[in-house]
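*Asks:* below are the sequence and a predicted model; questions follow.
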Amino acid sequence: MENYRLLILSFLAAANIWTFILYGMDKWKAMHGKWRTPERTLLLLAFAFGSGGALLGMLVFHHKTRKAKFLILVPSFLILHAILLFYIMA
């Protein structure tokens with residue numbers, strides 16, 4: 001039973017780290033006039049269990065903090081993920 005919990009936590013860690021990095025890369029691209037990651041992709045990654053990394057990326061990189069859909073959806077996804085994780089791990 002502990003193996004599946006470790007697998008879930010490993011997946012969540014990887015998803016959040018990847019999402020955080022992608023938010024940072026998109027901010028760098030925005031500052032340097034490079035090709036950007038679509039907002040839909042950033043939100044999809046947040047929804048796909050990367051919400052913690054997305055929120056941290058928004059705060060650390062000051063990225064997408066003026067966009068209402070990010071300010072509403074990313075914390076909502078994080079709350080949803082926390083509830084799901086609580087039920088899965090209990």
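*Replies:* Done, it's in.
*Asks:* helices and strands around the longest helix along the chain, which ones?
*Replies:* In terms of residue count, the longest helix belonging to the chain (DSSP state H) is helix 2-31. Other elements packing on helix 2-31 under the criterion 3 or more Cβ pairs under 8 Å, 6 or more residues apart in numbering; DSSP states H and E are helix 39-45, helix 51-61, helix 68-89. For glycine as for every other residue, the C-beta is placed from the backbone atoms N, C-alpha and C.
*Asks:* and these, which is most packed in?
*Replies:* With neighbours defined as mean count of other Cβ atoms under 10 Å, the helices and strands packed on helix 2-31 peak in mean count at helix 51-61, which reaches a mean of 21.
*Asks:* chain center to it: distance?
*Replies:* 6 Å (Cα atoms, centre = their mean, to the nearest Å).
*Asks:* what angle sits between it and helix 2-31?
*Replies:* Angle, helix 51-61 to helix 2-31, by axes from the mean of the first three to the mean of the last three Cα atoms, to 10 degrees: 30 degrees.
*Asks:* what's helix 51-61 in contact with?
*Replies:* The contact list for helix 51-61, computed with Cβ atoms under 8 Å, 6 or more residues apart in numbering, reads 12, 15-24, 27, 42, 45-46, 63-65, 70, 74-75, 77-78, 80-81.
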